[in-house]
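> Got a predicted model here, sequence first, then my questions.
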Amino acid sequence: MVAMVRTFLDRAHLATPGQLGEVVLEAARELGWRALMYLGDYEQQWLVPVPVSGTTDAVPHNIDGTLAGRCFRSLEPVPSLSGQQTVWLPLLDGVERLGVLEVSLDVGDDLDDPRIREGCRLLSHLTGHLVAAKRPYGDALDHLMRRRPRTVASELLHQLLPPLTFACKGLVISGLLQPLYDVAADAFDYSVMDDTAHLAILDATGHDLPATSLAAIALSAYRNSRRQGRGILTSARAMDELIAEHGEGWRLATGVLGELNLTSGRFRYLNAGHPPPLLMRQGKVVKELTGAHRVLFGLGEGEGEGAVAVAEESLQRGDRIVLYTDGIVEARTDEGELFGLQRLVDHLERAAATRQTPPETLRRIGHDVLGHQGGVLRDDATLLIAEWASGEERTLASAWNRDVRVEDLSPHSSDRAQGRLPPHR
């Protein structure tokens, strides 16, 4: 085990992102194993193999309908049903899903052996952290993860966003943007400082590069104010000033700024012309949070008696706050049928009833919103979920470490099927 960890650490220093597959394979060989790495594409539809020189090319796996996909969705180890000593392991950076590992064990190795399970755990954890650490240093992994060209506006916007999923004690946050390769003016942000989680969702006017620039300015103004310890109202004023200055007199932005106290569950928020957040309790959407509604960012709210005060909502353990942009509910078919708020609510409640994790919930909603509009969205569509004090963060961090045996998997599972990846477009 020590030799495997040493190989990882020694080889990682000078490895390029494109060489990570070889590093993982070399480390696994110290245990007598063979390991291949697969990364989720940006639309979270496919698990794409990371090539390793000198090995046979592996095939991609569909996230819906394969054993590899089941591992990605559930964050649990999934043994092969073929009788071979092969197991799929999830790759995580913290709690963000990156992909999976296909690990072929040595003859005689038993997945129920604690030593073997510990080796699997270390191998997958080290691989996930290595991928996250090395991705910024080159484009090889990004090239694998994108299935078609991305617009310049979308390229700029994605560089500004935080990871899609984050968790700490008492909190899980997960975000989603669609369309992945053409999003321009939506953005979200989050941060945790001491016992407070800061949340933001923004929607700038337009769907072009100037709209992206305005969203970037608004996001930067918010972060700059927040990082100086300023509150919601002061951050909103900073955003107003910069959006008014750079919005050419007509470009504005809607948005919601929120602060969630992780000790008490008190949620404070301000809404600038944006769809109201949804409050989920015990698996149901129980209300819209309609307080503290002011004009759009860029118009200014003024001070004194005419200023809007920050609204407050007391959360119960397990509650979810759902922020979304109008591109979700206003997605429409060619016949004009809207996706609508009720359809979004139905998706959220079904996901809660089947105990889907926040990132898996958003992945499925994102695909359904895109499918509702025939695969081509006319507007950006963004979702952000924050779940308080449910214990879900422990599940996301360690669900794969549960006991999962071959006999626990249905032999009739459709996951035996294996998808084929469409070509680059």
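All right, it came through fine. Numbering: from 1, shown residues only.

> Tell me where the protein has helices.
Assigned by DSSP state H, the chain shows helices spanning 2-12, 20-29, 67-74, 114-134, 140-145, 152-160, 209-227, 232-246, 326-329, 340-353, 358-372, 392-398.

> Just the CA atoms of the shortest one, as CSV, please.
In CSV, the C-alpha atoms belonging to helix 326-329 read as follows (Å, rounded to 0.1, in the frame of the first residue of the first chain):
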residue,chain,number,x,y,z
ASP,A,326,-36.0,31.9,-15.9
GLY,A,327,-34.4,29.8,-18.6
ILE,A,328,-35.4,26.7,-16.7
VAL,A,329,-39.1,27.4,-16.5
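
> Which other helices and strands does that helix contact?
If you count contacts as 3 or more Cβ pairs under 8 Å, 6 or more residues apart in numbering; DSSP states H and E, helix 326-329 packs onto helix 340-353, strand 381-388. C-beta here means a position set from N, CA and C on the backbone, and glycine is covered the same way.

> rewinding a little: could you export the helices of the chain as a markdown table, including distance to Asp41 and mean neighbour count?
Below are the helices of the chain laid out as a markdown table (distance: least, Cβ to Cβ, whole Å; neighbours: other Cβ atoms under 10 Å):
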| stretch | distance to Asp41 | mean neighbour count |
| --- | --- | --- |
| helix 2-12 | 24 | 15 |
| helix 20-29 | 16 | 22 |
| helix 67-74 | 11 | 24 |
| helix 114-134 | 14 | 18 |
| helix 140-145 | 5 | 18 |
| helix 152-160 | 14 | 16 |
| helix 209-227 | 22 | 21 |
| helix 232-246 | 33 | 20 |
| helix 326-329 | 21 | 22 |
| helix 340-353 | 22 | 16 |
| helix 358-372 | 12 | 21 |
| helix 392-398 | 21 | 18 |
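
> Relative to Gly318, which of those helices is closest?
Among those, helix 392-398 comes nearest to Gly318, with 8.4 Å by Cβ to Cβ.

> Who are the packing partners of that closest one?
Helices and strands touching helix 392-398, by 3+ Cβ pairs under 8 Å, 6+ apart, are strand 165-168, strand 171-178.

> Please identify the most buried of those.
strand 171-178 (a mean of 25; mean count of other Cβ atoms under 10 Å).

> Apart from its neighbours in sequence, what residue is nearest the most centrally placed residue in the chain?
Nearest residue to the geometric centre of the chain (Cα atoms, centre = their mean): Leu164, 2.7 Å. Excluding the flanking residues, the one nearest Leu164 by Cβ to Cβ, 6 or more residues apart in numbering is Gly175, at 5.4 Å.

> show me the contacts for the one you found.
Residues near Gly175 by Cβ atoms under 8 Å, 6 or more residues apart in numbering: 161-162, 164-165, 188, 190, 362, 382-385.

> re the thing from before, Asp334: which of the helices and strands packed on helix 326-329 is closest?
Asp334 lies closest to helix 340-353 among the helices and strands packed on helix 326-329, at 15.9 Å (Cβ to Cβ).

> Convert the C-alpha atoms of the closest one to PDB, please.
Only the C-alpha atoms of helix 340-353 are listed here, as PDB (Å, rounded to 0.1, in the frame of the first residue of the first chain):
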ATOM      1  CA  GLY A 340     -42.900  25.600 -16.400                       C
ATOM      2  CA  LEU A 341     -42.600  25.900 -12.600                       C
ATOM      3  CA  GLN A 342     -44.800  23.000 -11.800                       C
ATOM      4  CA  ARG A 343     -42.700  20.600 -13.900                       C
ATOM      5  CA  LEU A 344     -39.600  21.800 -12.100                       C
ATOM      6  CA  VAL A 345     -41.400  21.300  -8.700                       C
ATOM      7  CA  ASP A 346     -42.400  17.800  -9.800                       C
ATOM      8  CA  HIS A 347     -38.800  16.900 -10.700                       C
ATOM      9  CA  LEU A 348     -37.500  18.200  -7.400                       C
ATOM     10  CA  GLU A 349     -40.100  16.300  -5.400                       C
ATOM     11  CA  ARG A 350     -39.600  13.000  -7.300                       C
ATOM     12  CA  ALA A 351     -35.900  13.300  -6.800                       C
ATOM     13  CA  ALA A 352     -36.400  13.800  -3.000                       C
ATOM     14  CA  ALA A 353     -38.800  10.800  -2.900                       C
END
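
> so it versus strand 381-388, what angle?
40 degrees (axes from the mean of the first three to the mean of the last three Cα atoms, to 10 degrees).

> Which strands or helices does helix 340-353 pack on?
With contacts taken as 3+ Cβ pairs under 8 Å, 6+ apart, helix 340-353 sits against strand 278-281, strand 284-288, strand 320-324, helix 326-329, helix 358-372.

> Would you mind checking the average pLDDT for it?
The pLDDT scores in helix 340-353 average 94.

> Residues contacting it, please?
The contact list for helix 340-353, computed with Cβ under 8 Å, 6+ apart, reads 278, 280, 283-285, 320, 322, 324, 328-329, 360-361, 364-365, 368, 372.

> which among those residues gets closest to Val152?
Ile328 (24.2 Å).

> ok, the nearest residue to that closest one once chain neighbours are set aside - how many residues close by?
Nearest residue to Ile328, sequence neighbours excluded (Cβ to Cβ, 6+ apart): Ala381, at 4.7 Å. When neighbours are counted by other Cβ atoms under 10 Å, Ala381 registers 27.

> Let me know the distance separating the residue nearest to the centre of the chain from Val95.
Counting by Cβ to Cβ, to the nearest Å, the gap from Leu164 to Val95 is 10 Å.

> next one: Ile217
Distance of Ile217 to Val95, computed by Cβ to Cβ: 30 Å.

> circling back to that earlier point, can you name the residues that contact the residue nearest to the centre of the chain?
Contacts for Leu164 were tallied using Cβ under 8 Å, 6+ apart; they are 96, 174-176, 359.
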